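[1] need a structure here:
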Amino acid sequence: MNRNPDLLQGPIRSVLWQMTVPMMFGIVSIMLFNLADIWFVGQLGTLPMAALAFTFPVSFAVVSLAIGLGIGTSATLAKRIGEGNGDSAKQLASSILLMTFMLLIVVGVAGQWAITPIFTLLGADQALMPYITAYMQIWFAGSVFMVMNMVCNSILRATGDVRGSAMIMLLASLLNLILDPLLIFGLGPFPALGIQGAAIASVIAWSTTTLVALRLIHYRRQLLTYRLPSLLKLLRYWRELLVISLPAALSNITTPVANGVLTAIVARHGAEAVAAFGVGNRIESLALLVCLALSMSLPPFISQNLGAGQMERIKKAYAMVIRFAIAWQLLIYLLLLAVSSQVAGFFSDDPEVIRWIQIWIMIVPLGFAFQATTFLSASSFNALHQPLLALNVSIIRLFVLYLPLGWLGNHLFGLHGLFTALVIANVLTAMIAWVWMRRNLVKLMHS
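    Predicted structure coming up:
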């Protein structure tokens, strides 16, 4: 496996842009994957729809593990590639895939046993349990392919092959979109499997694209080997991965926990406020799409240059993406302000919901530039093999600033105060993350 000359020598702005654009399409395709499941299952009725909603917290825990493993994979493997150590990179990539497979087999088997106690604890009633069980039995059995798929994508991104990664995401979404109606409703020769069909469609999409990804990794990137290292070296590789992956997974899990608490606070203002807050969360994911894609293309660039000892390129790249994120998100804020009434009317025809959506748009997106700065800094810390700093940034943002200031703002000034507090929390966290990153880059350049 050779170094990627574009990442190590190419113009920084051009390289990052060429990596980010495909990732935008990949992220959109994953959003469509999830929306397809929700929409098609929703056609079955209220109970299947409610059952699917109950599965989200559990499935998100496994997805968080997958994201953590992906972040660790990208950081450790890209650094090896940047060092020019091809044999070690092959062994590392193969060892990571082996560990992922073994770990998810355990998760899949344990999940079968845990379905009833977990969902009973979450409050699912007996009317929903047959639907939940039918879906989750298949989902847990196939979760190994979902996680393997995400790790394979991270291996491709670590080499700089974001187009291959985006193609895998797009193919998975397309397969799921085709198979969902066939297996859920029983079109043509296919049996009508209901909510179970949605799970089977997902597993087929994951397993198919995992095989495609493994083929790309083996033949295009030459990063698979059947000659595994000694047990001692294998354990060292796994430890190197988990040192980054576990804090990253934990950081990812904290976000929905904090959002759940905020939703409970918003709920005191009525169903209309909750509906508007939910719409706001969806607008947020779209408004941050470009910077989110950038946060996935930046780490391979940083890690490969870290391995090659090119700290000046890392410093320039970080400064460049932060400047872009601030300018881009401020532009998005102005655009949202200009079309706030149309956006609110698209999501609801309830005057009170529309009013709250417009208030949300007027206040909360002002902090998106700083929110992007925060998660770009966190992804950079992971790429620099400093996962605890990335985790600390997330903890400070959510549990030291976001929730306490949100509660205080709501207590003193109502929902307007809560929204304003979220902006203040994002500003303060971005400043902390930026200062930490600058200090660490200076330290690394002189070490």
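[2] shaky segments in this protein?
    The chain contains residues with pLDDT under 70 at 1-6.
[3] since we're on Val212, how many residues are nearby?
    Each residue near Val212 was counted by other C-beta atoms under 10 Å, and the total is 17. (C-beta placed from N, C-alpha, C; glycine too.)
[4] Now do the contacts for it.
    168, 171 (C-beta atoms under 8 Å, 6 or more residues apart in numbering).
[5] secondary structure element for it?
    Assigning secondary structure by DSSP states H and E places Val212 in helix 195-215.
[6] and the next element down the chain from that helix?
    Following helix 195-215 in sequence order, the next helix or strand is helix 231-266 (DSSP H and E).
[7] Point out the other helices and strands that that following helix packs with.
    helix 46-83, helix 86-121, helix 271-287, helix 368-383, helix 387-395, helix 403-445 (3 or more C-beta pairs under 8 Å, 6 or more residues apart in numbering; DSSP states H and E).
[8] Pull the distance from the second one to the chain's centre.
    Read that as helix 86-121. Chain-centre distance of helix 86-121: 18 Å, with C-alpha atoms, centre = their mean, to the nearest Å.
[9] And it, what's buried?
    By neighbour count on 16 or more other C-beta atoms under 10 Å, the buried set for helix 86-121 is 88-97, 99-100, 103-104, 107-108, 111, 115, 118-119.
[10] re earlier: so which of the helices and strands packed on helix 231-266 is the most packed in?
    helix 368-383 (a mean of 25; mean count of other C-beta atoms under 10 Å).
[11] With just CA atoms, put it into PDB.
    This file holds the C-alpha atoms of helix 368-383, laid out as PDB (Å, rounded to 0.1, in the frame of the first residue of the first chain):
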ATOM      1  CA  PHE A 368     -24.100  26.500  13.600                       C
ATOM      2  CA  ALA A 369     -20.800  28.100  12.600                       C
ATOM      3  CA  PHE A 370     -19.400  27.500  16.100                       C
ATOM      4  CA  GLN A 371     -21.000  24.000  16.200                       C
ATOM      5  CA  ALA A 372     -19.200  23.100  13.000                       C
ATOM      6  CA  THR A 373     -16.000  24.400  14.500                       C
ATOM      7  CA  THR A 374     -16.500  22.200  17.500                       C
ATOM      8  CA  PHE A 375     -17.100  18.900  15.600                       C
ATOM      9  CA  LEU A 376     -14.400  19.700  13.100                       C
ATOM     10  CA  SER A 377     -12.000  20.200  16.000                       C
ATOM     11  CA  ALA A 378     -13.100  17.000  17.600                       C
ATOM     12  CA  SER A 379     -12.600  15.000  14.400                       C
ATOM     13  CA  SER A 380      -9.200  16.500  14.100                       C
ATOM     14  CA  PHE A 381      -8.300  15.500  17.600                       C
ATOM     15  CA  ASN A 382      -9.200  11.900  16.800                       C
ATOM     16  CA  ALA A 383      -7.200  12.100  13.600                       C
END
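[12] Remind me what that helix packs against, helices and strands.
    So helix 368-383, by 3+ C-beta pairs under 8 Å, 6+ apart, packs with helix 46-83, helix 231-266, helix 289-307, helix 311-338, helix 387-395, helix 403-445.
[13] List of residues touching the fifth one?
    If I follow you right, that is helix 387-395. Contacts of helix 387-395 (C-beta under 8 Å, 6+ apart): 71-72, 243-248, 250-251, 254-255, 374, 377-379, 381-382, 429, 432-433, 436, 440.
[14] Give me the domain ranges for the protein.
    Listed domain ranges for the chain are 5-229, 251-445 (source: automatic domain parsing).
[15] now those in a markdown table, with distance to Tyr237?
    Below are the domains of the chain laid out as a markdown table (distance: least, C-beta to C-beta, whole Å):
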| stretch | distance to Tyr237 |
| --- | --- |
| domain 5-229 | 4 |
| domain 251-445 | 14 |
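[16] For Ser64, see how far away the residue of the chain most remote from its centre is.
    Farthest-out residue of the chain from its mean C-alpha position, per C-alpha atoms, centre = their mean: Pro189, at 36.1 Å. Using C-beta to C-beta, to the nearest Å, we find Pro189 at a distance of 38 Å from Ser64.
[17] which one is Gln371 nearest to, not counting chain neighbours?
    Spatial nearest neighbour of Gln371, chain neighbours left out: Asn426 (4.6 Å); criterion: C-beta to C-beta, 6 or more residues apart in numbering.
[18] OK, contacts around the one you found?
    Asn426 touches 367-368, 370-371, 374, 397, counting by C-beta under 8 Å, 6+ apart.
[19] ok, now with 10 Å
    With contacts taken as C-beta atoms under 10 Å, 6 or more residues apart in numbering, Asn426 has the following neighbours: 364, 366-374, 397, 401-402.
[20] Repeat that for Leu234.
    Taking C-beta under 10 Å, 6+ apart, one finds 91-92, 94-95, 98-99, 228 in contact with Leu234.
[21] Surely Gly186 is in contact with Gly194?
    Yes - Gly186 lies in contact with Gly194 (C-beta atoms under 10 Å); the separation is 8.9 Å.
[22] Looking at these two now, which is surrounded by more residues?
    Per other C-beta under 10 Å, whichever of Gly186 and Gly194 has more neighbours is Gly194, with 19 against 14.
[23] How much space separates Trp436 from Phe419?
    27 Å.
[24] With Val109 instead?
    To Phe419, Val109 is 45 Å away according to C-beta to C-beta.
[25] Count the residues that sit near Leu384.
    23.
[26] now swap in Val257 and tell me
    Neighbours of Val257 (other C-beta under 10 Å): 13.
[27] got a list of what it touches?
    Taking C-beta under 10 Å, 6+ apart as the criterion, Val257 is in contact with 57, 398-399, 403.
[28] will you turn the residues you listed into a markdown table that also has distance to Ile200?
    Converted to a markdown table, the contacts of Val257 look like this (distance: C-beta to C-beta, whole Å):
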| residue | distance to Ile200 |
| --- | --- |
| Pro57 | 22 |
| Leu398 | 36 |
| Phe399 | 39 |
| Leu403 | 39 |
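[29] circling back: for the residue farthest from the centre of the chain, what are phi and psi?
    phi -80, psi 0 (degrees, to the nearest 10).
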